[in-house]
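In: model this:
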Amino acid sequence: MAHAIPVERTTAPKEKPEASTLVFGKHFTDHMFIMEYDAGQGWHDPRIVPYQPISLDPAAKVFHYGQTVFEGMKAYKTPDGPVLLFRPFKNLQRLNRSNARLSIPLIDEDLAMAALKELLKVDEDWIPTDEGTSLYIRPFVISTQATLGVNPSESYYFMIILSPVGSYYAEGINPVTIYVESEYVRAVTGGIGNAKTGGNYAAGLKAQEEASGKGYSQVLWLDGVHRKYIEEVGSMNVFFKIAGKVVTPALNGSILDGVTRDSVIQVLKHWDIEVEERTVSIDELVEAYRKGTLEEAFGTGTAAVISPIGELNWQGDKLTLNGGRTGPLSSRVYDFMTGIQRGAVEDPFGWVVKLD
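Out: Model (predicted):
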């Protein structure tokens, strides 16, 4: 089914930033997509309009009860090639899973995809082409009903905004230092840890702030019940290479089902590298480190793709991995994944979607 998306073009185009000055999430393109929901009417009035502030009543439920979800993906463009999207339907499917968990009405994924493609066509000249750059895509839903009361909103906005971004690593892919968190908890099974919603990220800010104060880039989250099983690293999924085998925490209801996580698992299996999705404890990691079998660790996510871990701090003990350098598997996965995303490497999985 074809979806016609009306477009109102801006009369005051912004000056585009130089590619060399791009950072994450600071600049935004000329246009955005918006669609509204009202009880009894459903989702309606999809349209592309000039990028602009939105007006909300102070009583809008999003401010008081946090009923909101979001996604993150990227568009890539080579100097002489088409615009490429990496597994966008996986993100839209996860958006709807988050919607369901937050009692937000589901969105027609085909309509959302059509809207995204049209928005990219309108703002295609905003997609940077320099090495390491891309156009970050942020779809999100907020509850807008101006009524205090703890129940699902009867009105919503679904929006998509675009942001040209530079390389996540200004000086190349480098390992980060990680503080293993033992006091704060990000999420628990049965909660909203497997939904991409703002509350999950707000819950992590205090631990991140304290880890940063100790000189660490991020935190490694343990489960909220036993406080010993690994869950995520910062806002990323996490992988460990132990004695030649790759291990990642199994999805248990409190861990986000990352698109990059799923992709990395498939890539490793494609290379005939054994991968286990299971519970993995901090004690197991420490023991493997002492035995010399903890070979590499890395986080996975949209923004960085691969973030190698050079050091773990567990209760004051510093576990230095691979001499604090990026491991060979981390580098191989990063190069292959980013190559597929940019169209520079053959895509054996059919993941890349070309803009029509």
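
In: Please, where are all the helices along this protein?
Out: 61-65, 88-101, 109-122, 198-202, 205-213, 259-270, 282-291, 328-342 (DSSP state H).

In: For those, give me a markdown table that also has distance to I54 and mean neighbour count.
Out: (Each C-beta comes from the backbone N, C-alpha and C, glycine too.) Converted to a markdown table, the helices of the chain look like this (distance: least, C-beta to C-beta, whole Å; neighbours: other C-beta atoms under 10 Å):
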| stretch | distance to I54 | mean neighbour count |
| --- | --- | --- |
| helix 61-65 | 11 | 18 |
| helix 88-101 | 19 | 19 |
| helix 109-122 | 16 | 20 |
| helix 198-202 | 16 | 15 |
| helix 205-213 | 24 | 15 |
| helix 259-270 | 27 | 19 |
| helix 282-291 | 43 | 16 |
| helix 328-342 | 31 | 19 |
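
In: how about these in a markdown table, adding distance to N322 and mean pLDDT?
Out: Below are the helices of the chain laid out as a markdown table (distance: least, C-beta to C-beta, whole Å; pLDDT from 0 to 100):
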| stretch | distance to N322 | mean pLDDT |
| --- | --- | --- |
| helix 61-65 | 43 | 97 |
| helix 88-101 | 30 | 97 |
| helix 109-122 | 38 | 97 |
| helix 198-202 | 29 | 92 |
| helix 205-213 | 21 | 94 |
| helix 259-270 | 17 | 97 |
| helix 282-291 | 11 | 96 |
| helix 328-342 | 8 | 95 |
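
In: what pairs with T68 across the strands?
Out: With DSSP bridges as the criterion, T68 is bridged to I142.

In: Flag every buried residue along stretch 224-241.
Out: Buried residues in stretch 224-241, counted by 16 or more other C-beta atoms under 10 Å: 224, 229-241.

In: End to end on that stretch, go ahead and measure it.
Out: By C-alpha to C-alpha, to the nearest Å, the extent of stretch 224-241 from end to end equals 24 Å.

In: How far away from the center of its chain is it?
Out: Offset of stretch 224-241 from its chain centre (C-alpha atoms, centre = their mean, to the nearest Å): 16 Å.

In: Run a quick check on T338 versus T302, I expect a contact.
Out: No - contact criterion C-beta atoms under 8 Å: T338 and T302 do not qualify, at 11.9 Å.

In: how near is the residue nearest to D356 when sequence neighbours are not counted to K318?
Out: Once flanking residues are discounted, D356 sits nearest to K117: 6.5 Å by C-beta to C-beta, 6 or more residues apart in numbering. Distance, K117 to K318, by C-beta to C-beta, to the nearest Å: 47 Å.

In: I appreciate the help and will end here.
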